[in-house]
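[1] Next comes the sequence, and after it the predicted model I'd like to discuss.
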Amino acid sequence: MKIFDWKKREAWDRLEIPDDYVLSVNTIFPIPGSRKRPTRVGRGHSAGQGGSCGKGMRGQKSRKGGSVRPGFEGGQTPLYRRLPKIVGSPQKGHTKTVFELVKLDDLNKLPEGTEVDASELVEMGLITKPNKGRTLFKVIGGTEDLTVKGLKIRAHAFTASAKQAIEELGGSATLLSRTKPIPLEESLAEKAVIKADNLVKLKARRMLKAKSALVL
């Protein structure tokens, strides 16, 4: 006789685990009803999916190999062609910078004169761990006014109201580079030095190329 799931569940409710039970590979077993046998299609109507195997009677997607390519919308202009693109090659869609938000309410829990960035706030447990893929933090206003004085906050972006609230209480709001864990001013200075060095090398290569052309 076939044992149905409801009988298994009733047996599970009456099951008593012995005191000497040891959980191991050969003693573990799934809870009744958690594992279901796959449906065997095309094996007759009594099996559940006999005639059309769950694909319907007719149509392109009921045929063998009759799927449509991703993005196809039946002939109408698809979404990837309806949306505007940025000029250039290769074509790129519009992107939006998504920040992990830090409210001024969270900064009220810090002692006066603290110097922190958003990653340190995560370690302290004052803000939640950022979502997957988000590495930029932005300080915004909250429901409460900032009351802690002398805070030195480092973040990738600040709203105008949040920056004003921090500076009015004797603190500072330092912008961080979005690619390196250093202040934005230092990052721009490094880029300027690299750009100047590359320009000097380019001029030297051009002069060498001009001299070699005169020799020839």
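    Done, it's in.
[2] Please tell me how far V215 sits from K152.
    Noted for V215: a distance of 60 Å to K152, by Cβ to Cβ, to the nearest Å. C-beta coordinates here come from the backbone N, C-alpha and C atoms, glycine included.
[3] So those two - more neighbours on which side?
    K152 (15 against 5; other Cβ atoms under 10 Å).
[4] wait, doesn't the more buried one sit right on D117?
    No - the pair K152 / D117 is not scored as a contact, 9.5 Å apart, by Cβ atoms under 8 Å.
[5] What does the pLDDT read for the residue nearest to the spatial centre of the chain?
    Of all residues in the chain, the one closest to the mean position by Cα atoms, centre = their mean is G133, 2.9 Å from it. pLDDT for G133: 75.
[6] What values do phi and psi take at it?
    In terms of degrees, to the nearest 10, the main-chain angles of G133 are phi 90, psi -10.
[7] list the buried ones in the longest helix along the chain?
    Taking DSSP state H as the criterion, the chain has its longest helix at helix 184-215. Within helix 184-215, the residues that count as buried by 16 or more other Cβ atoms under 10 Å are S187.
[8] send the alpha carbons of stretch 72-80 over as CSV?
    Only the C-alpha atoms of stretch 72-80 are listed here, as CSV (Å, rounded to 0.1, in the frame of the first residue of the first chain):
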residue,chain,number,x,y,z
PHE,A,72,11.5,39.1,-27.7
GLU,A,73,8.0,40.7,-27.2
GLY,A,74,6.0,39.1,-30.0
GLY,A,75,7.1,41.6,-32.7
GLN,A,76,6.4,44.9,-30.9
THR,A,77,9.3,47.2,-30.2
PRO,A,78,11.1,45.5,-27.3
LEU,A,79,12.1,47.3,-24.1
TYR,A,80,15.8,47.5,-24.8
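[9] so how far is that stretch from its chain's centroid?
    Here stretch 72-80 is found 28 Å from its chain centre; the criterion is Cα atoms, centre = their mean, to the nearest Å.
[10] what's the neighbour count on G170?
    Other residues near G170 number 12, with proximity taken as other Cβ under 10 Å.
[11] what ranges do the helices span in the chain?
    For the chain, the helices defined by DSSP H cover 5-14, 79-82, 104-107, 118-124, 160-168, 184-215.
[12] how far out from the middle of the chain is the third one?
    Right, helix 104-107. On the basis of Cα atoms, centre = their mean, helix 104-107 is displaced by 24 Å from the centre of the chain it belongs to.
[13] Which elements pack onto it?
    strand 137-140, helix 160-168 (3 or more Cβ pairs under 8 Å, 6 or more residues apart in numbering; DSSP states H and E).
[14] Need those in TSV (columns: distance to I182 and mean pLDDT).
    Converted to TSV, the helices and strands packed on helix 104-107 look like this (distance: least, Cβ to Cβ, whole Å; pLDDT from 0 to 100):
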stretch	distance to I182	mean pLDDT
strand 137-140	15	90
helix 160-168	19	90
